[in-house]
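Visitor: predicted coordinates and the sequence they were generated for:
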Amino acid sequence: MQLINTILIGITAGSIYALMAISMVLVWRSTRVINFAQAGMALLSSYFGFEAVSKFGSFWIALPVAMIGGALVATLIEMILIRLLVKHSSTGPIAAVAPIIATLGLLGVIRATASMIWGGQDVRIIGPVSNDGFTVNGTTLVFSPLKLLILITVLVLMLILSIIFQKTNIGLALRASAYAPEIARLSGIKVDWVRTLGWALAGATGAVAGMFQTINGNGTLSPDSIDFSLLLVSGFIAAVIGGLDSLPGAVIGGLVLGLMISFVLMYISGGLFFIAPFVILLLVLFIRPQGVFGAKAARRA
Amino acid sequence: MHNKQSKHTLLFIAGGVVLYFLSGAVDELRVYQGASIAVYVIAISSIILLTGYSGQVSLGHGALMAVGAYAAAVARIELNAPIIACFVIAVLAAAIGGALLGAAAARLTGPYLAGATLALAIGLPSLANQFSILGGEQGLLFDVGFPPLSLGEEFTQYKWFFWIAALAALISMWAVKNILGSRYGRTWRAIRGNEVAAALCGINSARSKILAFTISAGIAGLAGAMLSMTIGTVSPSAFPLALSFSLLTGAVLSGITTLGGVMIGAVVLVAIPEIADSVANRLGSSERVTTNLPGFLVSALLIMTVLFVPNGPVEQFRAHKVKKANSKLEKK
Amino acid sequence: MSLKVSNLTVHHGAIRAINDVSLEIPTGKLAALIGSNGAGKTTLLRALSGLNHPTHGAISWMDQSIIGIKAELLVRKGISHVSEGKSVVPELSVRENLELGAIWRRNKKESKESIETVVSIFPRLGERIEQRADTLSGGERQMLAIGRAIMSKPQLLLLDEPSLGLAPLVVEQIFQTIRDLTNSMNLTVLLVEQNAMGALKIADIGIVLNLGSVVISGEAKALIDDPAVRSAYLGY
């Protein structure tokens, strides 16, 4: 029973990490920037969601509100910060670190802004269904209706995303711009706008990750929330496991990471909550530096 | 070369003398801030060495500082080691940690390295809760003791902190300066410029990257021990992720490739809370804004610097001078 | 109704890669632009398709100035550029690469018809339509690159070294196809080539570029017979 419990918890957490990894991969593919502010953007979006919950009282209204808010924030960031960054800091010794530093700065700005607006204390977002575990044969699982719902929603979202990417012209434009921007331009694709679109999609996806991370935890949200630090690290690690460039890779990376963390916490020690992802990342990077799905040369590019 | 080195040494000694008189002339708060500046100078120079010269990014230097601080505190409490020995142990412990991290880091570049060290910065301090010897959430006391009586009755505790930290800063700056001017410094710059070309010249890039990480970590460990000396305790909360970010900000503000600018970053980092306070007070805003304004300013400043003065004010000034000289030449 | 370049100068940083170049290609003609490495051929081509920004001079297409118009918008004016080195997206399938060429028209039906046209020109692409582009041979990739350009229904086709790295037999095939396309689709073509002989043989007009300037231009047949061109570029 404990085994099933561990697996189900791992998959639920992993599916949230996968969403976060997807949003990091989307940004990486469109602008070759690892967005360390992604979790910060998710945090901000979750606050939008919180406002919507307080106003309309429904999680299912709050979720799209958070997504739209997240997409708008991401659009603004891409259009102002990232475009300036590409223009000013793409040469010299700073070029390699500039995007990292800029997105970290962004993370700081977002956190501080959120603290100024909503204060440092916890606010509460209540999920649409109960987080009390299912009872099977008299034993109560940790796996709950809420976790089931999260899992289903994430699956549906991934399905929608993969349809967008595989079947539509927008998806084709997104992929072509990511892999070969010059050929995309020569094919008449307005690559600048496609990049912005990539960020917007990432913002919306990250918003869902943020909302779910909040309700899957203890339902509270604060600017210095540990849940969001974990989301930042896990999203990044899941994306790296997946090879940074691959969306299916990000999904698998998220699930693998979620399961591994879940097993470590259950069978080794609960206190390894933060160090476990780091160790897993190091293991992955040592065994396969280009990620499980990454192309060989990716690491040096 | 030899001449230049002795000039540097003289310069640092002169700096020490100036600091000595300065510490006697200002009030207690300023002395304490002076100590903080010295701590930041040490920490930022370790980042400049690593990122600016060897081209590796670390967001985990906060964690390495923690390693140094804990090592010093444990040595003080468990072994009752003399204070200088504690600092040496701090350097060694962090350097060992850095060597391990560096071995991993040598395989990674850019964003991968940043992410890995970020995970470390978030993860490592929480490990303190796992071992009782490290004191858990409360942490450990770290007491360097009273200033020696021979310095006189008026010699305050803060002044004593300042002296120790400033001396450590001078020594570490002197060391970094010399390392960067040595063969190793040149090797690092070669690798940063073009790793493949450097490898073709017979440079073992992995080994020299690990060396850079080790040295940088050792210096960070010293900074960590100094930081906990000024606070008086060592605890996980003293080494938050924000610390690693501030260090990076300081390094970028200083000019990531110019050790000479290191004071700028350190002073700004110490000054920002005060500036933020006065701004918030003038605006008459709520407590929420006041407490978060420093964080906001640091981060905003970081972004602005990367966007508009990407190579730091010192380098900017130099480039400006070169440009001016060139246009003068052209006119002639 | 032609491509007209007058007094064009393009800088690569401080280097003047194209220096005061003027040329004209009448509609429906195939022009071969030849010259040694570093003569500025690619730079000129990239300026024509909006990938480079000229410092001086004028380019007009269909009696309209096209200077300063971005590459992604020039496609909409009927200018298609196949850049150097098999310009296909390796991660996408053959079909997706082709669809890319027609993507700006946002018309799925038209795009399907165009794919049929391309497949009728290059049957090999039809056989491999669902394969990823990186599984194709060099010649097939070049076909795909030209196919993608045709998908956007161009009037002016800019080709950058389609023969690069291909086997002689395949080169001949590709050149013949380019000639046929020029006639059947009434295209205006500017073909940049290192393979001077092959290019001049199929071209109507020959232009020789050296160190960023046009040294000789005229009828392709005449250029083949020109002793100076022969010794410098044709090797006999």
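Guide: Noted; the coordinates are in hand.

Visitor: pLDDT of stretch B:135-146, averaged?
Guide: Taken as a whole, stretch B:135-146 has a mean pLDDT of 77.

Visitor: stretch B:300-310 too?
Guide: 85.

Visitor: now stretch C:210-228
Guide: 88.

Visitor: show residues contacting it.
Guide: For stretch C:210-228, contacts defined as CB atoms under 8 Å, 6 or more residues apart in numbering or on different chains pick out C:16-23, C:32, C:35-36, C:38-40, C:43, C:197, C:200-201, C:203-209, C:229-230, C:234. C-beta here means a position set from N, CA and C on the backbone, and glycine is covered the same way.

Visitor: quick one: the helices in the stretch 101-250 of chain B?
Guide: B:110-127, B:157-181, B:183-193, B:195-200, B:205-231, B:241-254 (DSSP state H, counting those that start in this stretch).

Visitor: so where's chain B uncertain?
Guide: Counting by pLDDT under 70, the ranges of chain B that qualify are B:1-8, B:12, B:16, B:20-25, B:153, B:284-285, B:330-332.

Visitor: for stretch A:208-222, what is the average pLDDT?
Guide: Average pLDDT, stretch A:208-222: 90.

Visitor: list the buried residues of it.
Guide: For stretch A:208-222, the neighbour count (16 or more other CB atoms under 10 Å in any protein chain shown) marks A:208-217, A:221-222 as buried.

Visitor: now, those residues that are in strands?
Guide: Taking DSSP state E, the ones among the buried residues of stretch A:208-222 that sit in strands are A:Leu221.

Visitor: buried ones in the helix ranked longest in chain C?
Guide: Longest among the helix segments of chain C by residue count, using DSSP state H, is helix C:168-184. By neighbour count with 16+ other CB under 10 Å, helix C:168-184 contains the buried residues C:170-171, C:173-175, C:177-179, C:181-182.

Visitor: what's the answer for stretch A:168-188, then?
Guide: Under 16+ other CB under 10 Å, the buried positions of stretch A:168-188 are A:169, A:171-178, A:180-181, A:183-188.

Visitor: and if you look at stretch A:155-165?
Guide: Buried positions in stretch A:155-165, judged by neighbour count with 16+ other CB under 10 Å: A:157-158, A:161, A:165.

Visitor: what's the answer for stretch B:148-155, then?
Guide: For stretch B:148-155, by 16+ other CB under 10 Å, it's B:Phe155.

Visitor: nearest to chain B, of the buried residues of stretch A:208-222?
Guide: A:Ser222 (12.4 Å; CB to the nearest CB).

Visitor: the closest residue to the closest one other than its chain neighbours: what's it in contact with?
Guide: Once flanking residues are discounted, A:Ser222 sits nearest to A:Asp122: 4.8 Å by CB to CB, 6 or more residues apart in numbering or on different chains. Neighbouring residues of A:Asp122 by CB under 8 Å, 6+ apart: A:220-222, A:225.

Visitor: quick check, central residue of chain B?
Guide: B:Ala43 (1.0 Å; CA atoms, centre = their mean).

Visitor: all helices for chain C, in order.
Guide: C:41-48, C:71-74, C:94-101, C:108-121, C:123-127, C:138-151, C:168-184, C:196-202, C:220-225, C:227-229.

Visitor: where's the residue in chain A that chain C sits nearest to, which helix or strand?
Guide: For chain A and chain C, the shortest gap (CB to the nearest CB) falls at A:Gly188, measuring 3.2 Å. Here A:Gly188 sits in a region with no helix or strand, counting by DSSP states H and E.

Visitor: residues near the closest residue to chain B within chain C, how many?
Guide: Nearest residue of chain C to chain B, counting by CB to the nearest CB: C:Ala14, 13.5 Å away. Residues near C:Ala14, counting by other CB atoms under 10 Å in any protein chain shown, number 5.

Visitor: contacts for the longest helix of chain C?
Guide: Residues outside helix C:168-184 that contact it (CB under 8 Å, 6+ apart): C:28-30, C:121-122, C:138-139, C:142-143, C:146, C:150, C:157, C:159, C:162-163, C:166, C:187-189, C:191, C:195, C:198-199, C:201-202.

Visitor: which of those residues count as buried?
Guide: Here, 16+ other CB under 10 Å leaves C:28-30, C:121-122, C:139, C:142-143, C:146, C:150, C:157, C:159, C:162-163, C:166, C:187-189, C:191, C:195, C:198-199, C:202 buried among the contacts of helix C:168-184.

Visitor: run through the residues that contact the residue nearest to the centre of chain B.
Guide: The contact partners of B:Ala43, by CB under 8 Å, 6+ apart, come to B:61, B:65, B:219-220, B:223-224, B:227, B:247, B:250.

Visitor: name the nearest of those relative to chain C.
Guide: Using CB to the nearest CB, B:Gly250 comes nearest to chain C of those, at 34.1 Å.

Visitor: test my guess that that closest one contacts B:Leu269.
Guide: Yes. Counting by CB atoms under 8 Å, B:Gly250 does reach B:Leu269; the two are 4.9 Å apart.

Visitor: quick one: A:Thr75 and A:Ile160, what's the gap?
Guide: Note on A:Thr75: its distance to A:Ile160, by CB to CB, to the nearest Å, is 19 Å.

Visitor: cool, and B:Met304?
Guide: As judged by CB to CB, B:Met304 and A:Ile160 stand 38 Å apart.

Visitor: picking that back up, can I get the buried part of the contacts of stretch C:210-228 as one PyMOL selection?
Guide: One line in PyMOL is enough to select the buried ones among the contacts of stretch C:210-228; burial here means 16+ other CB under 10 Å:
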select buried, chain C and resi 16+17+18+19+21+23+32+35+39+40+43+200+203+204+205+206+207+208+209+229
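
Visitor: looks like B:Ser244 contacts B:Val57 (just checking).
Guide: No. Using CB under 8 Å, B:Ser244 makes no contact with B:Val57, being 10.9 Å away.

Visitor: run a quick neighbour tally on the residue in the stretch 151-300 of chain B positioned nearest to chain A.
Guide: Residue nearest to chain A within the stretch 151-300 of chain B (CB to the nearest CB): B:Ser299, separated by 2.8 Å. For B:Ser299, the neighbour count with other CB under 10 Å is 26.

Visitor: over to B:Ile272?
Guide: Counted with other CB under 10 Å, B:Ile272 comes out at 19.

Visitor: in three-state terms, label it for me.
Guide: helix (DSSP: H, G, I helix; E, B strand; the rest coil).

Visitor: residues contacting it?
Guide: B:Ile272 neighbours (CB under 8 Å, 6+ apart): B:294, B:297-298, B:301.

Visitor: quick one on the thing from earlier: which of the buried residues of stretch A:208-222 sits closest to A:Gly235?
Guide: Closest approach between those and A:Gly235, by CB to CB: A:Ala209, at 7.1 Å.
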